[in-house]
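Visitor: got a predicted structure plus its sequence, pasted below:
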Amino acid sequence: MEIIRCAPMLGVLAGLVSGLALYDRLGIYAFIIAVPVVYSGIMLCSYKREFKSQWQIFFVALIFTLICSLQIYNEISRPLHEPVTLNDAYGTVESIRTWGRGYAAVIDVDDIGSYVSWRRFADIMPGTRIKFDGATRKFKTSNHDGSFDEERYFRARGVSGWINIRNVQELPKRFSIPLMRYRLLRALTIYMPNRTALYLKAAWLGERDNELNRQHVKWGTSHLLAVSGFHVGIVILIASYFFRKNILILSVILWAYILLTGAAPSAMRTGLMLQVGLLARVFKRPIMGVNSVCVAGVILLLWRPFLFWDIGFRLSVLSALTLTAMFDLRKAFWFMVNTVIFLVTFPQIAKTFQTVPLVGIILNLFAPFYFGFAFTIASACAVLRLMNFPLSEYLVLASEGIFIIFERLAEYIANHFTFIMNWNFFTAWIGTGTLILFLCRYFDFSLTRTFILMAGISFFAFIIFM
């Protein structure tokens, strides 16, 4: 079983994802029947008679998969807290973002968890410690017909329900990550030029401007604004230049950055992957890329199962699996990667957003490299500016120009290459088959077995996910 040798967690992740996908139709049977069946099918794809210890590993991993699946079922089927009335309660405002015609403020209420409060105005700021009266209420749930599911959206972000607050009193501020994020957000707004400030808010703090995001959606480059492996990779690459052999310092920098950006699912997945790699260096073990992605995916689903219904989590895992499966293609890898990732992620993006601009394929041939350079230069200039370094106000103007040049070039190309693609079964089959193709190549499967698995797994994936 080559999969057991190279990526034993692949079957575990595939089983858990299948169980979650079938949960609305099968309930608990999705976890006690579908999960072990999918796990067994994946792991037996590479059965080899001469590998003597494979069955022991198979059954141990199967038991682990069943334990994980029951834990996930228990979490997603657990009813929400009953509404409660609060008097003289205390809490901390974790974040506040636009929501419809107002703002959604996430408040960490002492002793009972995080709740979201709708505000007509941004009258309380992140990091503020407050005392208040109020009452909680449950989220609305959909009938899972594709409409917006309020409960799953917020529970994927660790929020337990709505809360109406009144008689709010601000308390003396004390150090917290939300307060530090808010102060840095204000500093970028005050001291940096407009475009540089917007891009650095996205890269440093995970705060995306709506108008800027709409532009990048049009260009097919919105992933550059979401804190993901791209941004985390830049930070660790720079940090490793100064602290190459110090695993502890690199780990601290890694998780400090992820927490500063708001711990988005894509950033958490990348952080866990890199942490597995760093620990492998400590114990002098080989780094298995596909297995690292699967370990990160399983940990995140155990931590917060509702992430499965978050499109960002799905795209992040699919992209990472594709990248790690292709990584040893060397030179060919860099020319193929953007097109391949587009094919693999297209079914999810098109199903969610209806259409996908094909101009993204062209722009993503150079956009990641361009923004890797732009973010590095802009970050260095911003640090100097925030430290009030002499002449730093002129340096940040250079970074502003770098972003403006890309925007004008992207807009020009998008206006002349206006093709879009809608979701359809044929391209969805291609996307699923492409991921299976590169995973099979990663495990060194024969051509015959590869095509059988591409056809078989793609077929079952459509049954499970459609």
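Guide: Yes, it's here.

Visitor: hey, let's count contacts and neighbours off CA atoms from now on
Guide: OK.

Visitor: pLDDT weak spots in the stretch 51-200 of the chain?
Guide: 51-52, 142-147 (pLDDT under 70).

Visitor: mind listing what's buried in stretch 64-77?
Guide: Neighbour counts over stretch 64-77 (16 or more other C-alpha atoms under 10 Å) mark 65-66, 68-69, 71-73, 76 as buried.

Visitor: can you put these in CSV and add distance to D310?
Guide: Below are these laid out as CSV (distance: C-alpha to C-alpha, whole Å):
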residue, distance to D310
T65, 22
L66, 23
C68, 19
S69, 18
Q71, 19
I72, 16
Y73, 17
I76, 14
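
Visitor: residue contacts, F230?
Guide: 224, 368, 372 (C-alpha atoms under 8 Å, 6 or more residues apart in numbering).

Visitor: now do the contacts for the second one.
Guide: Just to be clear, that refers to P368. 224, 230.

Visitor: just the element for the residue nearest the centre of the chain, please.
Guide: The residue lying closest to the centre of the chain (C-alpha atoms, centre = their mean) is S266, at 2.1 Å. Here S266 is covered by helix 265-282, with elements defined by DSSP states H and E.

Visitor: for the helix or strand just after that helix, buried residues please.
Guide: Counting by DSSP H and E, the element after helix 265-282 in chain order, helix or strand, is helix 289-303. Neighbour-count burial for helix 289-303, counted by 16+ other C-alpha under 10 Å, picks out 289-302.

Visitor: can I get the residues you listed in CSV with distance to I463 and pLDDT?
Guide: Compiled in CSV, the buried residues of helix 289-303 are given as follows (distance: C-alpha to C-alpha, whole Å; pLDDT from 0 to 100):
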residue, distance to I463, pLDDT
G289, 28, 81
V290, 24, 88
N291, 25, 88
S292, 27, 88
V293, 24, 89
C294, 22, 91
V295, 25, 90
A296, 26, 90
G297, 22, 92
V298, 22, 94
I299, 26, 92
L300, 25, 92
L301, 22, 94
L302, 24, 93
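
Visitor: does anything pack onto the longest strand anywhere in the chain? Which helices or strands?
Guide: Taking DSSP state E as the criterion, the chain has its longest strand at strand 85-99. Applying 3 or more C-alpha pairs under 8 Å, 6 or more residues apart in numbering; DSSP states H and E, we find strand 85-99 packed against strand 102-109, strand 129-137, helix 177-191.

Visitor: let's see it at 10 Å
Guide: If contacts are counted by 3 or more C-alpha pairs under 10 Å, 6 or more residues apart in numbering; DSSP states H and E, strand 85-99 sits against strand 102-109, strand 113-119, strand 129-137, strand 162-171, helix 177-191.

Visitor: could these go into JSON lines alongside distance to Y153 and mean neighbour count?
Guide: Listed next are the helices and strands packed on strand 85-99 as JSON lines, based on distance: least, C-alpha to C-alpha, whole Å; neighbours: other C-alpha atoms under 10 Å:
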{"stretch": "strand 102-109", "distance to Y153": "13", "mean neighbour count": "21"}
{"stretch": "strand 113-119", "distance to Y153": "12", "mean neighbour count": "21"}
{"stretch": "strand 129-137", "distance to Y153": "16", "mean neighbour count": "18"}
{"stretch": "strand 162-171", "distance to Y153": "13", "mean neighbour count": "16"}
{"stretch": "helix 177-191", "distance to Y153": "21", "mean neighbour count": "17"}
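
Visitor: adding distance to F438, write these out as CSV.
Guide: Shown next, in CSV, are those (distance: least, C-alpha to C-alpha, whole Å):
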stretch, distance to F438
strand 102-109, 41
strand 113-119, 41
strand 129-137, 47
strand 162-171, 44
helix 177-191, 40
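
Visitor: among those, which is nearest V340?
Guide: Nearest to V340 among the helices and strands packed on strand 85-99 is helix 177-191 (35.6 Å), distances taken as C-alpha to C-alpha.

Visitor: quick one: contacts of the closest one?
Guide: Here helix 177-191 makes contact (C-alpha atoms under 10 Å, 6 or more residues apart in numbering) with 92-96, 125-129, 173, 192, 194, 196-198, 200-201, 204-207, 256, 259-262, 382-383, 385-386, 388, 393, 396.

Visitor: check contacts around L198.
Guide: Neighbour list for L198: 185, 188-189, 192, 207-209, 212, 225 [criterion: C-alpha under 10 Å, 6+ apart].
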